[in-house]
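1. Just need the structure, nothing else, for what follows:
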Amino acid sequence: MAVKFKRGFWILLILVLAGGLGFVYFNFVDKQKPVIEIYPETAFTNGAEPFELRIHDPGLGLRRVEISVVQGQEVLKTVRENFDPGVHDWKTRLNLPDLSQGEFELRVLAVDRSILNWGRGNVSHLSRQMTFDNVPPSISLATHVHNLNQGGAGLVIYTVSKEVEKTGVRLGGYFFPAYQKTDGRYYCLFSFAYDIAPGDETPRILARDMAGNEQTSGFNHHVNSRSFRQADLNISDGFLHSQMPQFENNFSGVSDPFELFLKVNRDLRKQNRASIMEISSRTSSAFTLEGTMKRKPSAFMAGYADHRSYYYQGEEVDQQVHLGVDLASTAQAPVPAAERGKVVFSGDLGIYGQTVILDHGLGLQTLYAHLSSIEVSKGQDVERGQQLGRTGTTGLAVGDHLHFEVLVSGISVNPAEWWDGNWLENNIFSKLRSMN
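-> Numbering: from 1, shown residues only. As a prediction, this is how the structure comes out:
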């Protein structure tokens, strides 16, 4: 009996010890290290905005955190935090100390409450090498004469003293990106938009460097004001019943042709212009324009920036601005490319119907809309005068015609300038030649 008692005792003791060790292992042995995150994830900073540090421990919780800012061999700032049991998440905002221009290091150490490493816990390190720079870039103009028309375009060329993440011309709520060429200069096609009155806003060059420092610079310019035609359009029931069915899938639940027209003319128009702005980013820094744009032989149906009032059953129901020009000749007439370029869009574009958009570089694009057929595809290179398709009545078209636009970074500009050899020579080509 004594032997059996001793054997049972030791078995019980072993079971108790095993259970205790298991309890300790599962409750205090934590093999998951703390997770450290630093926002924003940037390699450059000017110190204007604090960094946000987030630390999460998925196991037993945090024990302590240490943050250091080091430049050269000097520790310029240290933040230490100790935690009570049960804290799994911690975040803080860190303002940088006074730094010299150049590289520095942000170091973060986080320790959890695990008994691993002889009770010292799991340790996580995160080090980020960054550059401190709070000196804005400087802008030097290479072109000095900029004669503009309201609704027209211009070209400004300049240099920037350092690498930038954004630069171009800002005018009111518009921004026109500039493109750096192999000579190191930035070339920016921009527009004094039709809806900005001369004197209300001033175009300025913006340059923002990699650390977020911004510099703006005005430039010598003159703007001629322009008046735009007022046009009245009567919406007939025949037009509504012939053209509105194609838009029924765009606005489910709207069955009345007149209500659908208002949705299309207002909401879909805005969506389509937003799409054109997105397409404008598909541009090249190589400028392909070599002369006046080729103009399709035809008569004008509507002009650039016509201010339209829409009437239905004798009452005014809407107002919109017609961007581009409408050109008509014969039904399903061939549509030539105004200049060589790359097809960046080919397909249906809402109120524009079947549409082709060509890119000519530096943000310059041409748009051909209401086509009955398309003969080119996205990504294709086309030559000046090459047939893109044929005119039609697709989209929100009244009669067979070509809707033609010239776009500068997605903003419609007056095509008449791009058909004018003197304007092109004085405002575009002479400037380009002077950079050689």
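
2. So for stretch 215-222, first residue to last residue, what's the gap.
-> One end of stretch 215-222 to the other measures 22 Å (C-alpha to C-alpha, to the nearest Å).

3. what about the closest residue to Phe51 other than its chain neighbours, neighbour count?
-> Spatial nearest neighbour of Phe51, excluding adjacent residues (C-beta to C-beta, 6 or more residues apart in numbering): Leu94 at 4.7 Å. Yep, even glycine has a C-beta here, placed from its N, CA and C like the rest. Leu94 has 16 neighbours, counted by other C-beta atoms under 10 Å.

4. Over to the one 3 residues further on?
-> Here the number of neighbours of Pro97 (other C-beta under 10 Å) works out to 13.

5. got it, and Arg273?
-> Arg273 - counted by other C-beta under 10 Å - has 16 other residues nearby.

6. What does Ala416 show for phi and psi?
-> Per-residue torsions, Ala416: phi -60, psi -30 (degrees, to the nearest 10).

7. residues in contact with the nearest residue to it once chain neighbours are set aside?
-> Nearest residue to Ala416, sequence neighbours excluded (C-beta to C-beta, 6+ apart): Tyr304, at 7.0 Å. Residues counted as contacts of Tyr304 (C-beta atoms under 8 Å, 6 or more residues apart in numbering) are 151, 194, 228, 322-325, 412, 414-416.

8. before we move on, what about Ser309?
-> 230-233, 316, 318-319.

9. could you redo the last one with a cut-off of 10 Å?
-> Residues near Ser309 by C-beta atoms under 10 Å, 6 or more residues apart in numbering: 230-234, 316-320.

10. what do you get for Ser227?
-> 150, 305, 307.

11. Of those, keep whichever come out buried.
-> 150, 305 (16 or more other C-beta atoms under 10 Å).

12. Just checking, which of the contacts of Ser227 comes out lowest on pLDDT?
-> Minimum pLDDT for the contacts of Ser227 is recorded at Ala305 (92).

13. Please state the backbone phi and psi of it?
-> Given degrees, to the nearest 10, the pair of backbone angles that Ala305 has is phi 60, psi 30.

14. wait, doesn't it sit right on Arg226?
-> Yes. The pair Ala305 / Arg226 is scored as a contact, 8.0 Å apart, by C-beta atoms under 10 Å.

15. Now the common contact residues for these two.
-> 150-151, 194, 414.

16. where does the stretch 201-350 of the chain have low pLDDT?
-> The stretch 201-350 of the chain contains no residues with pLDDT under 70.

17. Would you state the strands of it in chain order?
-> Listed in chain order, the strands of the stretch 201-350 of the chain (DSSP state E, counting those that start in this stretch) span residues 204-209, 214-218, 222-224, 230-234, 299-302, 306-312, 315-322, 325-328, 334-336, 341-348.

18. domains in this protein, as residue ranges please.
-> 1-30, 32-132, 139-224, 231-416 (automatic domain parsing).

19. contact partners of stretch 419-433?
-> 142-149, 152-157, 181, 187, 189, 287, 289-295, 325, 338, 362, 364, 406, 414, 416-418.

20. Give me the buried subset of those residues.
-> 143, 146, 148-149, 152-157, 181, 187, 189, 287, 289, 292-294, 325, 338, 362, 364, 406, 414, 416-418.

21. Give me the subset of these that lies in strands.
-> Residues of the buried ones among the contacts of stretch 419-433 located in strands (DSSP state E): 148-149, 153-157, 187, 189, 325, 364, 406.

22. Show me which pair in those residues is furthest apart.
-> Spanning the widest gap among those are Ile157 and Val325, at 28.6 Å by C-beta to C-beta.

23. gap between Gly421 and Leu206?
-> 32 Å (C-beta to C-beta, to the nearest Å).

24. Tell me which of these two has more neighbours.
-> More neighbours surround Leu206 than the other of Gly421 and Leu206, with 19 against 11 (other C-beta under 10 Å).

25. which residue packs closest to that one, ignoring adjacent ones?
-> That would be Arg170: by C-beta to C-beta, 6+ apart, it lies 4.9 Å from Leu206.

26. On the three-state scheme, the one you found is what?
-> strand (DSSP: H, G, I helix; E, B strand; the rest coil).

27. burial count for it?
-> If we define neighbours as other C-beta under 10 Å, then Arg170 has 17 of them.

28. got the contact list for it?
-> 176, 190, 201-206, 216.

29. Just list the residues touching the nearest residue to Glu214 once chain neighbours are set aside, thanks.
-> In this structure, Glu214 finds its nearest non-sequential neighbour in Arg208, 4.7 Å apart by C-beta to C-beta, 6+ apart. By C-beta under 10 Å, 6+ apart, the residues touching Arg208 are 136-137, 160, 164-168, 214-216.

30. Having no further points to raise, I will conclude here.
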